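**Student:** Here's a sequence, model it:
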Amino acid sequence: MATVKVYDQNKQESGELTLAPDVFEIEVRPEILNLVVRAQMAARRAGTHNAKTRAFVSGGGVKPWKQKGTGRARSGSNRSPVWRGGAIIFGPSPRDYAFKVNSKVRSLALKMALSSRLAGDSLLVVKAIELPEAKTRHFARVAGALGLDKALIVAPEENSALIRSARNIPGLTLTTPERLSVLEILKHKQLVLLEEAVAPVQARFAKKGA
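**Tutor:** Residues are numbered from 1 along each chain as shown. Predicted coordinates for the structure are as follows:
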């Protein structure tokens, strides 16, 4: 079982914590992580692109000139794709890019992402972050003490004071165990778990029977 040190917000050791091996010590398979990340990114695409085909371009209905005798190339409609202002051939149309990934695979990928951060010494457990007031400078001081650069911080629940304090610091993102995703973990170099958030993260998999 993995045992990690718990630090306070000044990077001083304040104890140890044992992590569930079936969540934080899973063999990482890049193909599964890749599949889930692609699915999450595809689901975020708006898919609102659209191009006008001949059915939607204004004009047409009358042959521009007679078929023969003018010396010009034959033409049947000014909505033709070869005309300026004409239609688009096989242009994009609105669509949904999302594709299905089984829940067990998504759950496994999340455990792999967590395990990769522990294996890479990029996982930090912090007892708590307490600020005298919701100011960016206070959170920046804590982030500097903890050595955070591009980090995902997982709090046990939404904390408006922490959100207001951290939102203007580049590279730092706050989330909760319920919103934790593979994409967000892999986008950040470091993963910071507040001590009270560890149990809810592990409980996500217990509920699903994963």
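**Student:** Could you list the low-confidence segments of this protein?
**Tutor:** 207-210 (pLDDT under 70).
**Student:** what residue is smack in the middle of it?
**Tutor:** The centroid of the chain falls nearest to L183 when counting by CA atoms, centre = their mean (4.0 Å).
**Student:** List the buried residues for whichever strand or helix holds that residue?
**Tutor:** Per DSSP states H and E, L183 falls inside helix 182-187. Of all the residues in helix 182-187, those buried under the rule 16 or more other CB atoms under 10 Å are 182-186. All C-beta spots, glycine's among them, are computed from the backbone N, C-alpha and C.
**Student:** what packs against it?
**Tutor:** Here helix 182-187 touches helix 30-44, helix 103-119, strand 151-154, going by 3 or more CB pairs under 8 Å, 6 or more residues apart in numbering; DSSP states H and E.
**Student:** with the buried residues of helix 182-187 in mind, which one is nearest to R137?
**Tutor:** Nearest to R137 among those: E184, at 25.3 Å, using CB to CB.
**Student:** ok, for that closest one, nearest residue in space, not its chain neighbours?
**Tutor:** Nearest residue to E184 in three dimensions, chain neighbours excluded: L152, at 5.6 Å (CB to CB, 6 or more residues apart in numbering).
**Student:** what does V101 give?
**Tutor:** Sequence neighbours aside, A39 is the residue nearest to V101 in space, at 4.6 Å (criterion: CB to CB, 6+ apart).
**Student:** Kindly report the same for I163.
**Tutor:** L174 (5.6 Å).
**Student:** pretty sure the one you found contacts S165?
**Tutor:** No - look at L174 against S165 with CB atoms under 8 Å: they stay out of range, at 9.2 Å.
**Student:** which of those two has more neighbours?
**Tutor:** Counted by other CB atoms under 10 Å, L174 and S165 do not tie: S165 has more neighbours, with 24 against 20.
**Student:** what's the distance between A46 and K52?
**Tutor:** Distance of A46 to K52, given as CB to CB, to the nearest Å: 19 Å.
**Student:** more crowded one of those two?
**Tutor:** Using other CB under 10 Å as the criterion, A46 and K52 rank with K52 on top: 13 against 8.
**Student:** From what I see, that one and A87 are in contact.
**Tutor:** Yes - in this structure K52 lies within contact range of A87 using CB under 8 Å: 5.9 Å.
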